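> Have a look; sequence and predicted model below, questions after that.
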Amino acid sequence: MRCSRDAGLPRRRDGDCFNLQGDDDQILPFADSGLLQSKRVKDATLKVYKGAPHGLRATLKDQVYADLLAFIDRKELWRAA
């Protein structure tokens, strides 16, 4: 996993990371991916969708986008830095 700084992008601040994953993901099991990722970033937000598969952005798109917009609004990420 490359950090944004290594990719030539501005460095992300801790806590501005929104991890989402279904707990029934058969491609990337939750214990091996979502849970570990959320622990690597200080104050990251982890949203787990009960019974959701790997393609949850397609199967639960309205809920996923509502949660993402709520995260952006709560963090005020839409404001110019």
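Yep, it's here. Residues are numbered from 1 along each chain as shown.

> Quick check: pLDDT value at the most centrally placed residue in the chain.
The centroid of the chain falls nearest to N19 when counting by C-alpha atoms, centre = their mean (1.8 Å). On the pLDDT scale, N19 is placed at 86.

> if I've got this straight, it is in a helix?
No. Per DSSP: H, G, I helix; E, B strand; the rest coil, N19 lies outside any helix segment and is strand.

> lowest average confidence, helix or strand, in the chain?
helix 34-40 (a mean of 77; mean pLDDT, DSSP states H and E).

> how distant is that helix from the center of its chain?
Once both centres are worked out by C-alpha atoms, centre = their mean, to the nearest Å, helix 34-40 turns out to sit 10 Å from its chain's centre.

> Going by neighbour count, which residues of that helix are buried?
Neighbour counts over helix 34-40 (16 or more other C-beta atoms under 10 Å) mark G34, Q37, S38 as buried. Glycine gets a C-beta too; all of them are placed from N, C-alpha and C.

> re the thing from before, surely the residue nearest to the centre of the chain meets D43?
No. Between N19 and D43 there is no contact under C-beta atoms under 8 Å: 11.6 Å.

> just the helices in the chain please.
34-40, 56-59, 61-75 (DSSP state H).

> and those as a markdown table, adding distance to D25?
Formatted as a markdown table, those follow (distance: least, C-beta to C-beta, whole Å):
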| stretch | distance to D25 |
| --- | --- |
| helix 34-40 | 8 |
| helix 56-59 | 8 |
| helix 61-75 | 13 |
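
> Out of the buried residues of helix 34-40, which is nearest to L28?
G34 (7.6 Å; C-beta to C-beta).

> give the contact list for that closest one.
N19, L20, Q21, D25, L28, L46, V48 (C-beta atoms under 8 Å, 6 or more residues apart in numbering).

> distance of L28 from L35?
11 Å (C-beta to C-beta, to the nearest Å).

> next one: D16
19 Å.

> Write down the beta-bridge partners of the residue nearest to the centre of the chain, one by one.
With DSSP bridges as the criterion, N19 is bridged to L46.

> residues in contact with L20?
Per C-beta under 8 Å, 6+ apart, neighbours of L20: G34, L46, K47, V48, Y49, L56, V64, D67, L68.
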